[in-house]
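Chemist: Here is a sequence with its predicted model. Questions after.
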Amino acid sequence: MAGAVALAAVRAGALTRGGGWAALVVGTVTYAAGGIPFTLVLLAFFVPSVALSRIGRDRKRALVDIGKAGPRDALQVLANGGIASACALAFALTHDLRLGWAFAGAYAAATADTWATEIGTLARGRPRSIFSLRPVATGMSGGITFAGTAAELAGAVWLGLIAAASSPLGAGGAGLRVFAGIAVAGIAGATVDSLLGASVQELRFCPACERTCETDPHACGSPTRLMRGVRGLGNDAVNLLATVAGAVAGAAFA
């Protein structure tokens, strides 16, 4: 199953070849550790995210200032699914239910953040910084829009519903608590992503284009200089930390 989904995503242009191999590893570990219930949670993140990435693809590719655009590579796949995979493996080894909650919380955070990004970049209005509320360039980390925030909430709710319906966490009449806990964990993780993106993530400046960006070099080929944030802390690292926050919040609800 994992191989077929990864291959389909590569052929659809949603993943690079390296991203496909990373997705295969994540899917295999998830199925081996948690069986069908955990795999359904993974697919609830992966399939809609791939579908959303195809909406407005040309407009998203034109966002030259952001860290990565186009098909997701191996680092992006692991940034979104690595923590959840580790939680699933630990759950299989220990049977500690908190790790199952952490697994679902990590994917809820990844889902909420991905939906917010994919929909928010297509919003008509200009994003505003989550801290200062000043306008920022479309697609830049830490920017929020009404459409993106609504998509974030929808993604968290979606993953909460799937976790409650399909996971062992929903057994014993605790479905409503699982839904609420995982949904809140997703919102918490996505909020952490925005806060980190607006504060400690690298923000750079291209002197040739005289504009801020997230890459070095810029899309124009010119070297950029660090304006704000921690050197080397890019979008992938922030996504990883967001899933950590989602996993911690999920485990806390257990």
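Modeler: Perfect, thanks for sending it.

Chemist: Check the separation of the first and last residues in stretch 201-221.
Modeler: With Cα to Cα, to the nearest Å as the measure, stretch 201-221 spans 21 Å from end to end.

Chemist: to the chain's geometric centre, what's the distance from that stretch?
Modeler: 23 Å (Cα atoms, centre = their mean, to the nearest Å).

Chemist: One more: stretch 96-113?
Modeler: 12 Å.

Chemist: just stretch 21-37 next, same as before
Modeler: Taking Cα atoms, centre = their mean, one finds the center of stretch 21-37 at 17 Å from the center of the full chain.

Chemist: try stretch 125-135
Modeler: So, by Cα atoms, centre = their mean, the centroid of stretch 125-135 is 20 Å from its chain's centroid.

Chemist: Check which residues of that stretch are buried.
Modeler: Residues of stretch 125-135 classed as buried: 127-130 (neighbour count, 16 or more other Cβ atoms under 10 Å). Quick note: C-beta positions are derived from backbone N, CA and C, even for glycine.

Chemist: Kindly export that stretch (C-alpha atoms) in CSV.
Modeler: Extracted in CSV, the C-alpha atoms of stretch 125-135 (Å, rounded to 0.1, in the frame of the first residue of the first chain):
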residue,chain,number,x,y,z
GLY,A,125,-5.7,39.3,0.6
ARG,A,126,-2.1,39.9,1.6
PRO,A,127,-0.9,37.8,4.6
ARG,A,128,0.0,39.5,7.8
SER,A,129,2.7,38.6,10.4
ILE,A,130,1.2,36.6,13.3
PHE,A,131,3.3,38.8,15.6
SER,A,132,3.1,42.4,14.2
LEU,A,133,0.1,42.0,11.9
ARG,A,134,2.1,43.9,9.3
PRO,A,135,1.7,42.8,5.7
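
Chemist: these two touch, right, Gln76 and Gly20?
Modeler: No: the pair Gln76 and Gly20 fails to qualify as a contact (Cβ atoms under 8 Å) at a distance of 11.9 Å.

Chemist: who's more crowded, the two?
Modeler: Neighbours were tallied for Gln76 and for Gly20 using other Cβ atoms under 10 Å; the higher tally belongs to Gly20 (24 against 21).

Chemist: Which residue, other than its chain neighbours, is closest to the more buried one?
Modeler: Nearest non-adjacent residue to Gly20, counting by Cβ to Cβ, 6 or more residues apart in numbering: Val10, 4.0 Å away.

Chemist: do Gly160 as well
Modeler: In this structure, Gly160 finds its nearest non-sequential neighbour in Ala183, 3.3 Å apart by Cβ to Cβ, 6+ apart.

Chemist: and whichever strand or helix holds the one you found, what does it pack onto?
Modeler: Following DSSP states H and E, one finds Ala183 within helix 175-197. Helices and strands touching helix 175-197, by 3 or more Cβ pairs under 8 Å, 6 or more residues apart in numbering; DSSP states H and E, are helix 97-120, strand 143-144, helix 146-166, helix 235-253.

Chemist: on that earlier part again, looking at the buried residues of stretch 125-135, which one is closest to Phe253?
Modeler: For those, the residue nearest Phe253 by Cβ to Cβ is Ile130; the value is 23.9 Å.

Chemist: what residue ranges in the stretch 101-250 of the chain are flagged as low confidence?
Modeler: Scanning the stretch 101-250 of the chain for pLDDT under 70 picks out 167-168, 170-174.
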